[in-house]
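Peer 1: Next come a sequence and a model predicted from it.
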Amino acid sequence: MKEALVLQTDFGLNDGAVSTMYGVARQVDPEVTVADLTHGITPFNIFEGSFRLSQTVKYWPAGTVFVSVVDPGVGSKRLSLVAKLKTGHYVVTPDNGTLTHLDKLYGIEAVRVIDESIDRLPGSEKSATFHGRDIYVYNGARLAGGEVTFDQIGEELPVQDIVRLPLNPARVEGNKILGNVDITDVNFGSLWTNIDEDLWEDFGARYGDVFNVSVFYEGKRVYQAKLPYYKTFADVKNGETLIYVNSVYTVGIAIRLGSMATENHLSAGQHWTIEIEKEN
């Protein structure tokens, strides 16, 4: 059975890079279904690529092969990996931290290192700056199409040896809940935190409650407001801000028919944190 091949990059769609990757996959096996996760990852933003994978993987069947190329170290000595998740999915990606969120949420069963000198698109041996085409989608298509099995790819690497990005786990401290702003809802500007729904409920949040919300960048407060917690955007007036639980079941901050990020000059990533305090 052919598995699906799902692509994620920071290449954008303004040139032929993504189409080229599609072409390589079809050369390897024209029966493999190729789909896009996104090609709009902020250039070089490995943390964002790591999050987007974790947002999407579980909605694809076990056996699906993901190729994620956010690779500022392309051509360097960083390793090229195929990871098998404990969910049965596979990820082909550079060893630069892209697997961080997947490892935390689902666990990694095993990792193998691609031999870039031989396991690559024939004729690409002199190319050093387009491994998405020459290494990742080529091996991803071979795996998805059944030309090779996971155990036939390169040498095994101990799971504990992969590169991981530092995370800021959500936690409760007294009457405050602290977390990270992991990502923005890219088209609508909502802030998505790593405070999951269970922790939020344990914190005692109820619809209609009002909380003191502060957002920090590198420890400096850059936003502060009193915000209500509601189920959905329609529970507030146009232009008003609310706390809600988003589609990945974590706490979000949004403006109805507006952009929380743009209107308040906020963003997301490893350096953005949030503090939510119960009103006395």
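Peer 2: Nice, I can see it.

Peer 1: got the contact list for residue 211?
Peer 2: With contacts defined as CB atoms under 8 Å, 6 or more residues apart in numbering, the neighbours of residue 211 are 205, 226, 227, 228, 229, 243, 276, 277, 278, 279. Heads up, the C-betas are built off the backbone N, CA and C, glycines and all.

Peer 1: Select only the buried ones of those residues in ChimeraX?
Peer 2: Here is the ChimeraX command that selects the buried residues among these (16 or more other CB atoms under 10 Å):
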select :205,227,228,229,243,276,277
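
Peer 1: Closest to residue 163 out of the contacts of residue 211?
Peer 2: Of all these, the one sitting nearest residue 163 is residue 276; the distance, using CB to CB, is 30.9 Å.

Peer 1: ok, that closest one touching residue 253?
Peer 2: No: Residue 276 lies out of contact with residue 253 (CB atoms under 8 Å); the separation is 9.1 Å.

Peer 1: residues contacting residue 104?
Peer 2: The neighbours of residue 104, taking CB under 8 Å, 6+ apart as the test, are 54, 167.

Peer 1: That one - that's part of a strand, no?
Peer 2: No: according to DSSP: H, G, I helix; E, B strand; the rest coil, the state of residue 104 is helix, so it is not within a strand.

Peer 1: Residue 56 looks like it's in a helix, true?
Peer 2: Yes: residue assignment for residue 56, taken from three-state DSSP, places it within a helix.

Peer 1: which SS class is the closest residue in space to it that isn't next to it in sequence?
Peer 2: In space, not counting the residues next to it along the chain, residue 56 is nearest to residue 37; the distance is 5.4 Å by CB to CB, 6 or more residues apart in numbering. For residue 37, the secondary-structure state derived from three-state DSSP is strand.

Peer 1: if I look at residue 37, how far off is residue 12?
Peer 2: For residue 37, the distance to residue 12 (CB to CB, to the nearest Å) stands at 14 Å.

Peer 1: between those two, who's got more neighbours?
Peer 2: Of the pair residue 37 and residue 12, residue 37 is the one with more neighbours under other CB atoms under 10 Å, namely 20 against 12.

Peer 1: Please name the residues that touch the more buried one.
Peer 2: 6, 7, 8, 52, 53, 56, 66, 68.

Peer 1: Name whatever forms a beta bridge with the second one.
Peer 2: What that stands for is residue 7. On the basis of DSSP bridges, residue 7 takes part in beta bridges with residue 36, residue 67.

Peer 1: from what I can see it touches residue 133, true?
Peer 2: No: checked against CB under 8 Å, the pair residue 7 and residue 133 is beyond contact range at 11.0 Å.

Peer 1: Determine the residues that are contacts of both of the two.
Peer 2: With CB under 8 Å, 6+ apart applied, the overlap between the contact sets of residue 7 and residue 133 consists of residue 21.

Peer 1: Name the residue in those two with the higher neighbour count.
Peer 2: The residue with more neighbours, out of residue 7 and residue 133 and counting by other CB under 10 Å, is residue 7; that gives 25 against 21.

Peer 1: rewinding a little: quick one: common contacting residues for residue 276 and residue 253?
Peer 2: Listed contacts common to residue 276 and residue 253 are 213, 243; contacts here mean CB under 8 Å, 6+ apart.

Peer 1: Touching stretch 45-56 from outside, list them.
Peer 2: 6, 8, 10, 37-38, 41-42, 66, 68, 70, 72, 91, 96-102, 104-106, 165, 182-183, 248, 268-270.

Peer 1: Buried ones among those residues?
Peer 2: Among the contacts of stretch 45-56, those classed as buried by neighbour count (16+ other CB under 10 Å) are 6, 8, 10, 37-38, 41-42, 66, 68, 70, 91, 96-102, 106, 165, 182-183, 248, 268-270.
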